[in-house]
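1. this one's sequence-less:
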């Protein structure tokens, strides 16, 4: 080709920015259009009365995904981004008042679990070894390769993965898998929780999700200096440095297709022509709004959507020394909570409450001295037109009641500032259909195979990244989707050049 191939990326979510970096390093001229006025998609931040809040994701694992992008671009990561490993990954609080501190140090963790539950250190060691094995052998196929392109799947160690696949990974629920591994219900509940990392129900999602604890307990949990938003800021700065063009406050109206090939996009009623288009928008909206393909959009709805969330951002005018950066206050009846979320699609009166406090890591920076910024989240059903104003009040009362009970305080008197985010707003702000945080759920054995591929099978030059497509939602998988997509683009471009 006489000119550098031109790529347009729709959406500056974390997968969109990572895609831009990868494509620009392949020698392309890359332009990103984003409807919001900031990069990062769900990863952004805001400030109220001196309290800083990360608005979206709050857990940072697999920093090697970020390091890989800086290495690829030949830039020193420390000039853009710093992070540290946490000594305690999470503090788990149960309805009976018992507490398990999930120490990063394995021996200390085993001792804590043995003391609090009587569970043997060997049971924990076996579980985490199996988790590492599933992740390294089976997870590798799903996370690093396209399941829909023979050319990329041929590179994957499929035979090895099949040898490591056990019946229980596919045909038992995560709950059943965990009950087989542990005797104590508190530990089963702790490991059931990992289904929520991709918005799924542990009582229906497959045992294969037992690979997720590997990220936290074997690889570790980290804190990025400046909060989660610093991930988006660092990658945006890196993309700019490499020559990527960003246009914020600029939604794409349509993808231009001609003779079953993506030719460009319409922005501000103007045609922007290019050689390939990458959509970081929810795949449902990509088909329904940008391709005007209602039939395909409806087809995608056959898969169950993941859960959503209801988030309270509270400025708390005192400190709670007993709390960590990550804290979970478990529901007394976990199975009932998930029946409400996925079956009844209603709030449960005793929800599991997650509290994230970045002021623990950066006191006086993330919140005024002696005070704390609480990001308080409960799992919520996806939006199907329920009465969210009423649900918000119900959730608020349940959350405050639960925290009062387990912390022995009257919390409301300490809430100095408050913002609330519900599934309707999540859809409006981030383009996640029905407010689902992870696109489709993993509540069936085949869900991993049913996710939309990272390319269009019908329109050449059209590619997909982000949480609503393969390999799934959450920061690590969104970053992996960019790598899978860019590998497919590289292969497709070489093939086109040969012809």
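-> Now that the structure is in, tell me what you want to look at. None of the values given here were measured: they were computed from a predicted structure.

2. For the stretch 51-200 of the chain, which segments count as strands?
-> 51-54, 83-85, 88-93, 99-103 (DSSP state E, counting those that start in this stretch).

3. any idea of the mean pLDDT in the shortest one?
-> So that's strand 83-85. Across strand 83-85, pLDDT averages out at 98.

4. can you check the third one too?
-> What strand 88-93 shows for mean pLDDT is 98.

5. quick thing: my sequence starts at 4, can you match it?
-> Got it, the first residue is 4 from now on, which makes the last one we talked about strand 91-96.

6. top helix in this protein by residue count?
-> helix 478-501 (DSSP state H).

7. looking at the strands of the stretch 54-203 of the chain, which is closest to residue 31?
-> Nearest to residue 31 among the strands of the stretch 54-203 of the chain is strand 86-88 (29.1 Å), distances taken as C-beta to C-beta. Any C-beta I mention is one placed from the backbone N, CA and C, and that applies to glycine too.

8. that older thread, would you mind pulling up the elements that the longest helix of the chain packs against?
-> helix 17-27, helix 67-76, helix 143-147, helix 153-156, strand 465-467 (3 or more C-beta pairs under 8 Å, 6 or more residues apart in numbering; DSSP states H and E).

9. how about 7 Å then?
-> Other elements packing on helix 478-501 under the criterion 3 or more C-beta pairs under 7 Å, 6 or more residues apart in numbering; DSSP states H and E are helix 17-27, helix 143-147, helix 153-156, strand 465-467.

10. centre of the chain versus that helix, how much separation?
-> Computed by C-alpha atoms, centre = their mean, to the nearest Å, the chain-centroid distance of helix 478-501 equals 20 Å.

11. Identify each buried residue in that helix, please.
-> By neighbour count on 16 or more other C-beta atoms under 10 Å, the buried set for helix 478-501 is 478-492, 495-496.

12. Any regions of this protein where pLDDT drops low?
-> Along the chain, segments meeting pLDDT under 70 span 4-5, 154-174, 448-452, 502.

13. Per the annotation, how does it divide into domains?
-> Domain assignment for the chain by automatic domain parsing gives 4-47+67-79+230-307+445-502, 114-217, 311-383+387-424.

14. Compile those domains into TSV and extend it with columns for distance to residue 105.
-> Shown next, in TSV, are the domains of the chain (distance: least, C-beta to C-beta, whole Å):
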stretch	distance to residue 105
domain 4-47+67-79+230-307+445-502	18
domain 114-217	8
domain 311-383+387-424	9
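
15. What is the burial count for the nearest residue to residue 131 once chain neighbours are set aside?
-> Nearest residue to residue 131, sequence neighbours excluded (C-beta to C-beta, 6 or more residues apart in numbering): residue 220, at 5.3 Å. As a burial measure, residue 220 scores 22 neighbours (other C-beta atoms under 10 Å).

16. Before we go further, residue 220 is sitting in a helix, right?
-> Yes. With DSSP: H, G, I helix; E, B strand; the rest coil as the criterion, residue 220 is assigned to a helix.

17. Tabulate the strands of the stretch 54-203 of the chain (CSV), appending mean neighbour count and distance to residue 298.
-> Below are the strands of the stretch 54-203 of the chain laid out as CSV (neighbours: other C-beta atoms under 10 Å; distance: least, C-beta to C-beta, whole Å):
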stretch, mean neighbour count, distance to residue 298
strand 54-57, 24, 38
strand 86-88, 14, 44
strand 91-96, 21, 43
strand 102-106, 18, 46
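
18. so which of those comes closest to residue 464?
-> Ranking the strands of the stretch 54-203 of the chain by proximity to residue 464 (C-beta to C-beta) places strand 54-57 first, at 35.2 Å.

19. Now find how far off-centre that closest one is within its chain.
-> Using C-alpha atoms, centre = their mean, the offset of strand 54-57 from its chain centre is 19 Å.

20. What helices and strands are in contact with it?
-> strand 48-51, strand 375-383.

21. Distance to residue 294 added to those strands, as a markdown table?
-> Listed next are those as a markdown table, based on distance: least, C-beta to C-beta, whole Å:
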| stretch | distance to residue 294 |
| --- | --- |
| strand 48-51 | 32 |
| strand 375-383 | 29 |
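
22. out of those, deepest packed?
-> Most buried of the helices and strands packed on strand 54-57 by mean neighbour count (mean count of other C-beta atoms under 10 Å) is strand 375-383; its value is a mean of 25.

23. Spatially nearest residue to residue 29 (excluding sequence neighbours)?
-> Once flanking residues are discounted, residue 29 sits nearest to residue 493: 6.0 Å by C-beta to C-beta, 6+ apart.

24. again, but for residue 391
-> In space, residue 391 is closest to residue 425, 4.9 Å off (C-beta to C-beta, 6+ apart).

25. Please report how far that neighbour lies from residue 178.
-> Counting by C-beta to C-beta, to the nearest Å, the gap from residue 425 to residue 178 is 28 Å.

26. Please apply the same query to residue 383.
-> Residue 383 is 20 Å from residue 178, by C-beta to C-beta.

27. hang on, residue 441 packs against residue 311?
-> No. Taking contacts as C-beta atoms under 7 Å, residue 441 lies outside contact range of residue 311: 9.4 Å.

28. which residue ranges form the strands in the stretch 304-453 of the chain?
-> Using DSSP E, counting those that start in this stretch, strands in the stretch 304-453 of the chain cover 311-319, 329-332, 356-359, 375-383, 418-424.

29. of the ones you listed, which approaches residue 280 most closely?
-> With C-beta to C-beta as the criterion, residue 280 lies closest to strand 311-319 of these, at 27.8 Å.

30. so how far does stretch 470-484 reach from one end to the other?
-> 8 Å (C-alpha to C-alpha, to the nearest Å).

31. And for stretch 342-354?
-> OK, stretch 342-354 end separation, C-alpha to C-alpha: 12 Å.

32. Sounds good, over and out.
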